[in-house]
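Enquirer: What would the 3D arrangement of this be:
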Amino acid sequence: MTFKPEFSLGDLIAAAGFLMAALGLFLTLWQLWQDSKRKRAEFIVSVFHKYTADPEAAKMFYSIDYGQFRYGPEFHNSPEERMLDLLLSYFEKIAVLHRLGVITLKDLNLIKYEFIRIYRNNEVKKYFEYLDRLRTGINISGKNFEAFRSVAALLDAPENRR
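Expert: Prediction:
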């Protein structure tokens, strides 16, 4: 028995067809990956836009950003408390998507500044301490705005500050 290395025209056409199919599959997967990145960015921008378009949430962010926000006993049940809860809820929604694996920390670079400014604010931290004590008092596990806090801590970590 002898082996003759020959290729027929049909073999070449089949090989070319296989390569074209493989290339098509690669391009389809690449396009899906690109679309996924674009959709994640669009979602973050849409939630961010809702927050910036909401006058109360935007006002509260600027109050925090400029160091004007103060937490104290008079804060509870005030319009400012409602505004802060509203602001935090926007960021909580985005943070939950990160925890679910829908968006990455890299995706959050679009709004990293806002996450960190809110998270680092000492007055906001005092509010979180109050909320944590309140939940403990009524025996509910977890924390209010827990996803926001954990994702903001990740964004604020030294290795992610770039």
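Enquirer: Could you list the low-confidence segments of this protein?
Expert: 1, 3, 37, 40-41, 44, 48, 136-141, 161-162 (pLDDT under 70).
Enquirer: could you show me where the strands are in it, in order?
Expert: Assigned by DSSP state E, the chain shows no strands.
Enquirer: quick one: the helices in it?
Expert: Per DSSP state H, the chain carries helices over the ranges 9-53, 55-65, 79-99, 112-120, 122-137, 146-156.
Enquirer: Okay, angle between the shortest one and helix 55-65 too, please.
Expert: This points to helix 112-120. 70 degrees (axes from the mean of the first three to the mean of the last three CA atoms, to 10 degrees).
Enquirer: any idea how far helix 112-120 is from the chain center?
Expert: Here helix 112-120 is found 13 Å from its chain centre; the criterion is CA atoms, centre = their mean, to the nearest Å.
Enquirer: Then the fifth one?
Expert: Relative to the chain's own centre, helix 122-137 is displaced by 23 Å; criterion: CA atoms, centre = their mean.
Enquirer: Likewise for the last one?
Expert: Distance, stretch centre to chain centre, for helix 146-156: 10 Å (CA atoms, centre = their mean).
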